[in-house]
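[1] next one to model:
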Amino acid sequence: MELDGTERVRIAEELKQSYTRFGYIIFLAPVLTYCNIVLKLDITKLNIIYIIYTIITVTYFVFIKRYTQKFIKIRRYIMATIDIIGTTAIINYLGYYGFIFNLLYLWIAIGNLIRFGEKNLIFTIAVSLMSLSVIYFSNTFWHQHPYMIIYMMISVTIIPSFVAIIINKLIKENKELSKLLQFLEMKSKIDSLTNIPNRLSFEIEIKKFMSKNIPFALLFIDIDGFKDVNDNYGHDIGDAVLKEIAERLKYTIDNSDFVARLGGDEFVVISFKNKNGVRELSEKICKTLSLPYGPRKNIKNISASIGISYFPEDTTDEFMLKRYADIAMYAVKYSGKHGFVEYCSCWKNKKHMGINETVKINHCDD
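    The predicted structure is shown next:
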């Protein structure tokens, strides 16, 4: 069975917890020695429990190393129970001196919360309360000091629960912050007017495709006659026209292609079709964008000039690929607009960029 990322992390934490237990065992050795020699306490039973706990800890460590995916949840509950029983035994036998080991309850409960989640926390709190109840009714010393038992019960319940509340709040706030950051990142890549990808998104996409060496055609699209729309109808109508242009482009290209607004009345398309497919797409865009605009279809004389360059055929340099498409687009502009043309390497040595009588501009018929 393949474990998910969260469970793999928890198993790693389970191993760290085992190392912590070894440290706990090493720490207890001189403590028990001190209690026996200096305090003159009879801790024979406690020593036996210490040895049993050490054996169980070693066995548990070997088991999770060899059988990582076996009985994952059950073994955690079992080991948490053993940790609590071991702590309770120390508190029970040491009496007044054992009170300080109450901190181990908190360590166990909070550790299980952080490593394995709230269910393990609830389980450790419940077992801790049961263990404290047992020593209260079974041990004369603790029965005579109920306030100490009550204090331990309250602390082992409230403090880990409070930590759980704080952690949940932090997780919730972190999720909300992550969603906000994702939303802001998405908005930063979307043109606020047309609701299609913007220049930043285009820069990211073109770099991605070039880094993966995926062949594509780059279409620079400039809208002819748009300035007259702003002058004659106002900028609000101009914005509405830009929105409609973006919608037409979205529905003209394939789902695999990419369209973005660079700014103003300039758009770009990245297409993965072959050359014949790119030419058909360019003609389709020209014809689609030349149709009348507005609710009453009274806004006319709008068309598109499209310049095309190919990666990696024309160049493998990002800047030059954009420049070639731009040059080709201006070649259409200078040759009557409303059409498309592919960049030609024969333009490189010409004084007037993109203007060459040997290159045929594909003017689109309405």
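[2] all contacts plus neighbour counts: C-alpha atoms, from now on.
    OK.
[3] what about the nearest residue to I190 once chain neighbours are set aside, how many residues nearby?
    Excluding the flanking residues, the one nearest I190 by Cα to Cα, 6 or more residues apart in numbering is P197, at 4.3 Å. Using other Cα atoms under 10 Å, P197 has 23 other residues around it.
[4] residues in contact with P197?
    K189, I190, D191, V259, A260, R261 (Cα atoms under 8 Å, 6 or more residues apart in numbering).
[5] relative to E266, how far out is it?
    13 Å (Cα to Cα, to the nearest Å).
[6] any buried residues in the helix or strand that contains R10, and which?
    Following DSSP states H and E, one finds R10 within helix 5-37. By 16 or more other Cα atoms under 10 Å, the buried positions in helix 5-37 come out as R10, I11, E13, E14, L15, Q17, S18, R21, F22, I25, L32.
[7] with respect to K322, which of the residues you listed is nearest?
    R10 (49.0 Å; Cα to Cα).
[8] make sure the closest one is actually in contact with G117.
    No. R10 is beyond contact range of G117, at 9.5 Å (criterion: Cα atoms under 8 Å).
[9] show me how the chain divides into domains.
    According to automatic domain parsing, the chain comprises the domains 5-183, 199-363.
[10] tell me the most buried of those?
    domain 199-363 (a mean of 18; mean count of other Cα atoms under 10 Å).
[11] need the mean per-residue confidence for that domain.
    Averaging pLDDT along domain 199-363 yields 87.
[12] ranges for the strands of the protein?
    216-224, 258-263, 266-271, 303-311, 339-342, 362-363 (DSSP state E).
[13] looking at those strands, spot the one closest to S178.
    strand 258-263 (25.7 Å).
[14] can you give the strand pairings for that closest one, parallel or anti for each?
    According to DSSP bridges, strand 258-263 forms sheet pairs with strand 266-271 (antiparallel).
[15] between the strand it pairs with and strand 216-224, how many degrees?
    If you take axes from the mean of the first three to the mean of the last three Cα atoms, to 10 degrees, strand 266-271 sits at 150 degrees to strand 216-224.
[16] work out the gap between strand 266-271 and the centre of the chain.
    Mean C-alpha position of strand 266-271 versus that of the full chain (Cα atoms, centre = their mean, to the nearest Å) differs by 28 Å.
[17] hmm, who's touching that strand?
    By Cα under 8 Å, 6+ apart, strand 266-271 touches 206, 216-223, 256-262, 278.
[18] CA atoms only: put it into CSV for me.
    Output of strand 266-271 as CSV, limited to C-alpha atoms (Å, rounded to 0.1, in the frame of the first residue of the first chain):
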residue,chain,number,x,y,z
GLU,A,266,-2.2,44.2,-28.5
PHE,A,267,-2.9,40.5,-28.0
VAL,A,268,-0.8,37.3,-28.4
VAL,A,269,-1.5,33.7,-29.2
ILE,A,270,0.8,30.7,-28.7
SER,A,271,-0.3,27.9,-30.9
